[in-house]
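**Q** Mind folding the following:
(2 chains, ligands or ions: 3)
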Amino acid sequence: MVRETQQVMKPKRQKKSVVKETEAVLVSSAEIERYNLRERLVHWTVAISFLYLLLSGLALYSPRLGTWLYPLLGGGTNIRIWHPYAGVLFALAVTIMTISWRRCLWMYPEDWEWMRYSWKYITHKEGVPEAGRFNAGQKLLFWVLAFSGLILLLSGIVLWFREKFSRELWLASILAHEIFAIVAMGAIIVHMYMGLFASPGSLRAMVEGKVTEAWAKAHHARWYKRVMGIS
Amino acid sequence: MALELKAISATNYPTLGIKETERVCKLIDVSVCIGCKACEVACQEWNDTPVEETYPYTGSYQTMPELAYNFWNLIKFREVELGGSFGWTMAKYQCMHCADPGCLRACPAPGAIVQYTNGIVDFVQENCIGCQFCVTGCPFDVPRLSPKSQKVYKCTLCSDRVAAGLEPACIKACPTGCLQFGTKKQMLEKAMKRVRQLKAQGFSQAAIYDPPGVLGTHAIYVLPHGDRPEDYGLPRDPSVPWIVSLWKGPLKTVGNVVLLGGILTAALHYLKFGPMRAEEKTRG
Ligand code: HEM
Ligand code: SF4
Ligand code: SF4
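**A** Ligands and ions are numbered 1, 2, ... in the order given. All right, here's what the predicted structure looks like:
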């Protein structure tokens, strides 16, 4: 974390912010590194493999989606062959993500406390406790996805090498694969909505790695203070 | 006797079959099977499936350990205790051409499995994606994946021959009259007659095997010991697994609700609350 303190970027549009006098604008012009290159590469590997899994899974599952998705994703038989490999890639990338972010993503007591204000957060009300690098909603969403990923991986392996397993296990795996695919799909809709639409600046964080000070202060105040060395 | 479609895998629109078609049926009278394997050979010959290397002798009179992607018709051999004494059973095993085919219900590829109005369930390899969900859906463990083509194969009830007005190859080859072919009605009548004869001969449990769990099949059996189908390698109460029904029914609805509901909720949230802009919050 000390390292991060030194990575505070030089304010970019200094001139402009001097012209506008309000302090808020001044603050917002400085930039902070939020995700380093490795973190972004891991994230986008997870994201792309997940999207392929979701779309190819939907194509394998639903005939109507299938007819236009099949050719897009490589054709019926190829989809069936590639889907499990994408699963392995996803599992590996999520494992790396989990290990490297284990501290940032762990649910501490204050996170459970934060969850009590989640409705306020959703409805943009005041009084939501300050969040660390990730807020509790992001953390829980991650754990839901990671747990679903684990179940999907295990049941997927059974369906991949089905000759090695019993019929009862196939059936149980199909059920588990289905249920957790739906759970993961629900979770990713929330995540993509937040990342792409609901929180401007977030996407830039995951693409360019940087956020403005104002963004950091507004969304992750405890993290902001830590990075800036404000106690 | 042109084939008309009754059901198509992974397809919602109704099929266009309008003619009332007689359902065809294969009758397997186990009591007169001598285990000669003529039907196995005829099946391979007609369907042009190559003969594999033979397996080492394992003390069984069975040709192959089980069905294979290129071996659709197997005479299962068993040593069992029947009616208090030791006995052999020889029973033909192949796709049953279920009236409610679990394979078709489970298949996600449009048109990979079709059911004709005459009752034949056929795989259309051209449309198959090799996912093997049909294997899971089949209560008789019949379909088999070819490792080479990554497509699934099984008995077609010689749909090509039947369409041309011929009987299936196995029927033609059978020397004892164990295998017969006709309409389902005719075959049920014949089977009933055989069951009565067997009962008169002292097989008090003789019965027809036409499992109601899959709404009946288009390959039916006469079993001398009808109370013990397992001894002939047949499942006792086959039905489409409830998980397949759940997975293709209610869970599909849940999935749709989550997908469409999720997108809709996100859109509504955006319209009502808008994005959470950092500048506003820092000012406030
Ligand atoms: C195409 C799909 C995806 C998009 C557009 C996307 C977008 C984003 C964005 C913009 C952020 C930065 C949020 C912030 O800094 O506050 C982020 C963070 C993150 N993403 Fe994704 N993501 C996608 C898929 C995934 C998947 C499949 C996972 C699987 C676990 C995932 C896990 C995470 C995690 C754990 C974080 C950090 C915590 C958080 O912001 O929730 N992402 N993503
Ligand atoms: S026996 Fe199996 S493969 Fe044949 S129709 Fe029934 S479910 Fe399909
Ligand atoms: S493997 Fe079976 S379930 Fe899958 S597409 Fe082929 S016929 Fe359909």
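
**Q** Now do the helices in the stretch 101-250 of chain B.
**A** B:102-106, B:133-137, B:159-163, B:169-173, B:184-200, B:242-248, B:250-273 (DSSP state H, counting those that start in this stretch).

**Q** mean pLDDT for those helices: which is lowest?
**A** In terms of average pLDDT, helix B:242-248 trails the rest of the helices of the stretch 101-250 of chain B, at a mean of 86.

**Q** Apart from its chain neighbours, what residue comes closest to the closest residue to ligand 1 within the stretch 151-284 of chain B?
**A** Relative to ligand 1, the nearest point of the stretch 151-284 of chain B is B:Met276 (10.6 Å; C-beta to the nearest ligand atom). Any C-beta I mention is one placed from the backbone N, CA and C, and that applies to glycine too. Distances taken as C-beta to C-beta, 6 or more residues apart in numbering or on different chains place A:Ser199 nearest to B:Met276, at 5.3 Å, with adjacent residues excluded.

**Q** What about that neighbour, how many residues nearby?
**A** 18 (other C-beta atoms under 10 Å in any protein chain shown).

**Q** what's the spacing between the residue of the stretch 151-284 of chain B closest to ligand 1 and A:Ile32?
**A** B:Met276 sits at a distance of 18 Å from A:Ile32 (criterion: C-beta to C-beta, to the nearest Å).

**Q** Quick one: distance of stretch B:91-107 to the chain centre.
**A** Stretch B:91-107 has its C-alpha centroid displaced from the chain centroid by 1 Å (C-alpha atoms, centre = their mean, to the nearest Å).

**Q** Show me what B:Ala7 is bridged to.
**A** B:Gln115 (DSSP bridges).

**Q** on that earlier part again, between the helices of the stretch 101-250 of chain B, which one is nearest to ligand 3?
**A** Smallest distance to ligand 3 across the helices of the stretch 101-250 of chain B (C-beta to the nearest ligand atom): 3.1 Å, for helix B:133-137.

**Q** Show me the contact partners of the closest one.
**A** For helix B:133-137, the surrounding residues in contact (C-beta atoms under 8 Å, 6 or more residues apart in numbering or on different chains) are A:162, A:167, A:170-171, A:174, B:101-108, B:112-113, B:123, B:141, B:143-145, B:152, B:240-241, B:244.

**Q** Buried residues in it, which are they?
**A** B:Phe133, B:Cys134, B:Val135, B:Thr136, B:Gly137 (16 or more other C-beta atoms under 10 Å in any protein chain shown).

**Q** Now render those as CSV, adding distance to B:Gln186.
**A** Formatted as CSV, those follow (distance: C-beta to C-beta, whole Å):
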residue, distance to B:Gln186
B:Phe133, 34
B:Cys134, 29
B:Val135, 32
B:Thr136, 34
B:Gly137, 29
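
**Q** re the thing from before, right, and the helices of the stretch 101-250 of chain B - which one's nearest B:Glu45?
**A** helix B:169-173 (7.0 Å; C-beta to C-beta).

**Q** who touches the closest one?
**A** Outside helix B:169-173, the residues that touch it by C-beta under 8 Å, 6+ apart are B:26, B:38-43, B:45-47, B:73, B:92, B:94, B:158, B:161, B:166, B:179-181.

**Q** which is the next helix or strand following the biggest helix by length in chain A?
**A** Criterion DSSP state H: the longest helix present in chain A is helix A:167-193. Sequence order places helix A:202-207 as the next helix or strand after helix A:167-193, per DSSP states H and E.

**Q** Cool, thanks, signing off.
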